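> Let's see this in three dimensions:
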Amino acid sequence: MRKLLAGIRRNAILRFWSSYMLILVVMVITCFAGFQKAFSIVQSSMVEENEYSLRQGISRIDQTMTDIRVCGMKMALSEKLKYLGQMDSSKRLEYVSAASAMLEEYFEIVRYYNRELYTNTFIYVNNIDRILYDDAVYLRPVFQIYLDGWGISSEEWLAVCQGDETAPYFYVSDSGELFYVFPCLKSMQEMVRVGTVFFRIDEQQILEQMDFLERYSGYSLFVHQGEKCLVMHDGLACEEQIRQNRTEGLQMDGKIQLSVTSEQSEKLTYTVVIPEQEAMVRLSQLRTFIWTLLAIAAVAGTGISLFFSMRSGKPINRIADLLEESQVSGGERDLLSINRTVSEIIQEQQKNRPALQKTFFHNLLKADFLSRAEMEYMAARAGLQLSGGTYYAAAIRFFPQIEAENIDGQTVEEARAAQILTTERFEGEHGLTAWSYKRNTLETLFIIEIQEQERLLDILADIAMWLRDEHHIDACWGVGTSCRDLMYFWKSAEEANSVLSSGNMTDSVCLYSEIHLEDGSYWLPYSIQEHLVQGLRIGDYGAVESALEMIRTENCIRRSIHRKQFLKLNRDICELLAEQTRKWDDRDEELIRISSLISTNKEEYHQYFAQVKTLCAEICKRCAIQKNERRSEKIQAILQYMAENFQDPSMGLAMVSEQFKWSEGYLSSIFKEEMGVNFAEYLEQLRIEEACRLLKDGVLVAVVAERTGYNSVQSFRRAFKRVKEVSPSEYRS
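Now for the predicted structure:
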C-alpha cells in the first residue's frame with residue numbers, strides 16, 4: 001500500500017486522476033444521500049396525495065349523507081305519517097285520504113334532495129301494514145317482490161320494522177344490502193314506533209365517489225361504523241387484516257392502507273387498501289432514472305478525468321482555458337441562447353393556458369372548489385378573472401322524449417357524439433369557447449362567456465335546429481340567469497338544470513325566467529340553504545349576507561311572490577335560523593318579531609330581510625366568539641402539553657400538530673396569533689427558563705442540555721447564548 005501511494009505521488013497523471021476520482025466519489029455519495037431523501041419525500045407525497053383524494057371522496061359522500069339525514073328526519077317527524085300510522089285501514093275513505101296526503105308530502109320532500117347515493121326510499125307503516133314507495137301504496141306481500149330482488153326475507157324485514165331502535169341507524173341485510181333507517185315514533189313521550197323510513201344506499205355510487213381508485217387494477221374499500229362493517233369491496237382479499245387493524249398509513253405485504261374517519265355525526269371510518277407497487281409506480285420510474293443518470297455520470301466522469309490526466313496532467317488548467325475561450329468568443333451567443341430558452345418557457349406556459357382553463361371550468365361546473373381563495377389561485381394560473389365577464393350556464397338534454405329506463409347502447413353512443421358535435425359547433429360556427437361538464441348520459445352543462453343574451457339564445461336555437469336537421473337528434477336547452485362573479489356560478493348552473501327537470505318546456509330553448517319566475521312559487525333551493533347554514537356555522541357574515549341577498553332578489557324582485565308563498569318562505573328561513581339559535585334564551589321572541597314584519601307591502605319585505613340580516617349578524621358574531629373560545633381552549637391545552645413534554649427532544653410543530661389533529665401550517669399561524677410569538681420561539685423560551693433554574697441549582701451543563709430537550713451540548717449552548725446573550729457557564733457564575 002505504501003509503494004502504491006508513493007507511486008501515485010511521483011506520477012503526475014495518477015496524482016491528478018486519483019484526486020479527481022476522490023472528488024467524483026464524494027459527489028456521487030452526496031448525490032446518493034440526497035436522492036434517498038428525495039425518494040422518501042416523494043413516497044410520502046404520493047401517500048398524502050392518495051389520502052387527500054380519499055378525503056375529497058368522503059367529503060362528497062358526507063354531503064349526500066347530510067341530504068339523506070335531513071330528508072329522513074323530515075319524513076320521520078312528519079305529522080301526516082304519525083297520523084297515518086295510528087289509523088285503522090278498515091276505514092277506507094279516511095285511510096285513502098291520509099295515505100294520499102302522506103304520499104304528496106313524501107314526494108315533495110324527496111324531490112328536493114340529492115339522489116346520487118341512494119337508489120330507493122320507502123316507508124313502512126306498522127298499524128296498517130302498508131309500504132309507501134314510488135308514489136304508490138303497497139301491501140306487504142306485493143312489496144315482497146322488491147325485497148326478494150334485494151335478497152331480503154320477509155322475517156328479516158319484519159324484524160327490522162318492529163325493532164326497538166328509536167334513533168336513526170345503518171342496517172346491513174344478510175344479503176349485504178345497506179339501508180339508512182329512520183324510526184317514526186308516536187311522540188317523544190310514547191316511544192312507540194308507528195312507521196319506519198328506509199333509504200337503500202347504493203354501494204356502487206359510493207365507489208364512484210372514490211374515482212381516484214380507478215387508476216388501480218385492484219383495490220379494497222371498507223366503510224365501518226364502530227365495529228360494524230357497512231360497505232365491503234374487497235378486491236385485494238384483505239378483510240381479515242383490516243378486521244384486526246385499521247391503523248392509518250399501515251403498510252402490509254405490498255399494500256398501502258389509508259384510514260380516515262368522517263367528521264359527520266355518523267362517524268363513519270373509510271379504509272382503503274391499494275397495491276403499493278401501482279401506487280409507487282412513479283417513484284420506481286424516478287428511482288430507475290436517477291440510478292441510470294448516476295451510473296452514466298460516474299462512468300463519464302471517470303473517463304473524462306482519465307483522458308485529461310493522461311493528456312496533460314493538468315485537467316483543471318485545461319478546462320479553465322477552454323471556459324475562458326468560450327466566454328471570449330461566444331458570450332453574446334450564450335446570452336442569445338438564454339433569451340431563446342426563456343422565450344420558449346413563456347411560450348410553453350401560454351400553450352398550457354387552454355388546458356388550465358379547461359381544468360378550472362370543469363372543476364367549477366362540478367363545484368369542486370372549497371373556498372374563494374382556492375378559486376382565485378386556480379383562476380390566476382389559468383389567466384382568468386373571477387369577476388368582470390358575463391357568463392351563462394346552458395344545460396342541454398339530448399333525446400328529451402326518451403325516458404331514463406329506455407336508454408340503450410345506441411342512444412348512449414349518439415348522445416356522446418352529439419355532445420362532441422355541440423362543442424365543435426360553438427367553436428367552429430359561432431367562434432365561442434364553451435366548457436362542458438357531462439351530468440349524465442343525456443344531459444350536459446355548458447358555461448359560455450358572452451355579453452348579449454339574445455345572441456346566446458339565437459346560437460342555442462341554431463345548434464338545436466342543426467342537430468335535428470343534420471343529425472336527426474332532438475335536443476332542448478335550459479338557460480340560467482347571467483353571472484358576473486364565477487364564485488356564484490353554481491346558482492346559474494342550478495337554474496339551467498332546473499329548467500330541464502321542470503317538464504314545462506315548450507320550445508327548444510327556454511329561459512329560467514320563463515319557466516320558474518311566473519309560476520308564483522318561492523325560491524329557496526337546498527343549495528342556497530347549505531350556503532346560508534354553512535356561513536352561519538363558521539361565522540362568515542359575508543357569505544350569509546350574500547345568500548340572503550340572493551333570496552331577497554329572487555323572491556321579492558324577480559318573482560314578486562304573493563303573501564301565501566312568502567309565509568312559506570318565512571317558515572323555512574325561520575326553521576334554518578331556529579336550528580342555529582336553539583341554545584339562545586331569546587330566540588323565539590326574535591323569530592316571532594321577524595315573522596310579524598310580513599305583509600302585502602313589498603317595502604316591508606325589504607324591512608323583513610334587513611331584520612333577518614341583523615339576526616344573522618348576531619348569530620355570526622356569537623359563532624365567531626364561540627369559535628375563538630374553542631380555539632383559545634385548544635391553545636391552552638397545547639401550552640399545557642408543551643409545558644409537560646418540552647424535555648422530549650422530538651418535541652416540535654409536527655409532534656404537537658399530530659397530537660391535536662391540526663395541520664402544521666394552521667397550528668403555526670393560530671399559535672402566533674394567540675401568543676404573539678411563533679411556536680419555535682415559545683418552545684425555546686420554555687427550555688431556556690428551565691435551563692436557568694437548573695443552572696442556578698448547580699446542575700452540570702451537559703445534564704441541563706439533556707433535561708431540557710436538546711440533542712447536544714453544542715446546540716444547547718448556541719440556543720442559550722442566543723436568548724440570554726451569555727453562555728451557560730457565564731450565567732451560572
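> Next, work out how far apart E689 and R455 are.
Using Cβ to Cβ, to the nearest Å, we find E689 at a distance of 72 Å from R455. Where C-beta positions appear, they are placed from N, C-alpha and C, glycine not excepted.
> List the buried residues in whichever strand or helix holds D572.
If you go by DSSP states H and E, D572 is part of helix 563-580. Residues of helix 563-580 classed as buried under the neighbour-count rule (16 or more other Cβ atoms under 10 Å) are Q565, F566, L569, N570, I573, C574, L577, Q580.
> Reformat the residues you listed as TSV; add pLDDT.
Written out in TSV, the entries for the buried residues of helix 563-580 read as follows (pLDDT from 0 to 100):
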residue	pLDDT
Q565	79
F566	78
L569	80
N570	80
I573	81
C574	81
L577	78
Q580	72
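> Return the member of those residues nearest to G226.
Within these, the smallest distance to G226 is 29.2 Å, found for Q580 (Cβ to Cβ).
> quick one on the thing from earlier: could you list every helix and strand in contact with the helix holding D572?
Identification of packing neighbours for helix 563-580 by 3 or more Cβ pairs under 8 Å, 6 or more residues apart in numbering; DSSP states H and E yields helix 526-538, helix 587-595, helix 602-645.
> residue ranges with poor pLDDT in the stretch 101-250 of the chain?
With pLDDT under 70 as the threshold, the stretch 101-250 of the chain has low-confidence stretches at 111-119, 245-250.
> Just the helices from it, written as ranges.
Per DSSP state H, counting those that start in this stretch, the stretch 101-250 of the chain has helices spanning 140-149, 154-161, 203-209, 239-244. These are given in chain order.
> Comparing these, which comes out most buried?
Of those, the one with the most neighbours on average (mean count of other Cβ atoms under 10 Å) is helix 203-209, at a mean of 16.
> circling back: need the helices of the stretch 101-250 of the chain in JSON lines (columns: distance to L445).
Rendered in JSON lines, the data for the helices of the stretch 101-250 of the chain read as follows (distance: least, Cβ to Cβ, whole Å):
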{"stretch": "helix 140-149", "distance to L445": "33"}
{"stretch": "helix 154-161", "distance to L445": "39"}
{"stretch": "helix 203-209", "distance to L445": "18"}
{"stretch": "helix 239-244", "distance to L445": "39"}
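> With respect to R630, which of those helices lies nearest?
Ranking the helices of the stretch 101-250 of the chain by their distance to R630 (criterion: Cβ to Cβ) puts helix 203-209 first, at 30.1 Å.
> Packing partners of the closest one?
helix 12-76, strand 220-225, strand 228-234.
> average pLDDT across the helix or strand following the longest one?
Looking back up the chat, that one is helix 12-76. Next helix or strand after helix 12-76 toward the C-terminus (DSSP H and E): helix 79-85. Helix 79-85 carries an average pLDDT of 81.
> gap between helix 79-85 and the chain center?
Between the centre of helix 79-85 and the centre of its chain there are 38 Å (Cα atoms, centre = their mean, to the nearest Å).
> Report how many residues lie close to the spatially closest residue to R140 that is not a sequence neighbour.
The shortest distance from R140 to any residue other than its chain neighbours is 5.5 Å, reached at D129 (Cβ to Cβ, 6 or more residues apart in numbering). Taking other Cβ atoms under 10 Å as the criterion, the count of residues near D129 is 13.
> Over to S187?
The number of residues packed near S187 is 9, by other Cβ under 10 Å.
> ok now do the nearest residue to it once chain neighbours are set aside, which residues does it touch?
When the adjacent residues along the chain are set aside, S187 lies closest to K82, with 7.8 Å between them (Cβ to Cβ, 6+ apart). For K82, the contacting residues are C184, K186, S187, V194, G195, taking Cβ atoms under 8 Å, 6 or more residues apart in numbering as the criterion.
> Neighbour-wise, give me the winner out of these.
Neighbour-wise, the contacts of K82 (other Cβ under 10 Å) top out at G195, 28 neighbours.
> Please tell me how far the spatially closest residue to that one that is not a sequence neighbour sits from A76.
When the adjacent residues along the chain are set aside, G195 lies closest to C184, with 4.0 Å between them (Cβ to Cβ, 6+ apart). C184 is 5 Å from A76, where distance means Cβ to Cβ.
> Need the residues touching each of the two.
Contact criterion Cβ under 8 Å, 6+ apart; residues bridging C184 and A76 by contacting each: G195, V197.
> what helices or strands is the longest strand seen in the chain leaning on?
In the chain, ranked by residue count with DSSP state E as the criterion, the top strand is strand 387-398. When contacts are defined as 3+ Cβ pairs under 8 Å, 6+ apart, strand 387-398 sits against helix 409-428, strand 443-449, helix 453-471, strand 475-479, strand 483-485, helix 489-502.
> now these in CSV, with distance to L384 and mean neighbour count?
Putting the helices and strands packed on strand 387-398 into CSV (distance: least, Cβ to Cβ, whole Å; neighbours: other Cβ atoms under 10 Å) gives the following:
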stretch, distance to L384, mean neighbour count
helix 409-428, 18, 15
strand 443-449, 10, 21
helix 453-471, 19, 16
strand 475-479, 22, 25
strand 483-485, 12, 16
helix 489-502, 12, 21
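> Need the ones you listed in CSV (columns: distance to G389 and mean pLDDT).
Listed next are those as CSV, based on distance: least, Cβ to Cβ, whole Å; pLDDT from 0 to 100:
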stretch, distance to G389, mean pLDDT
helix 409-428, 16, 85
strand 443-449, 5, 86
helix 453-471, 13, 88
strand 475-479, 17, 89
strand 483-485, 7, 79
helix 489-502, 11, 78
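> Quick one, which of those gets closest to H224.
That would be helix 489-502 among these, by Cβ to Cβ, at 32.7 Å.
> which is the next helix or strand following that closest one?
From helix 489-502, the next helix or strand downstream (DSSP H and E) is strand 509-511.
> neighbouring contacts of that following strand?
With Cβ under 8 Å, 6+ apart as the contact definition, strand 509-511 has outside contacts at L457, L460, A461, A464, C476, W477, G478, V479, V499.
> That concludes my questions; thank you for your assistance.
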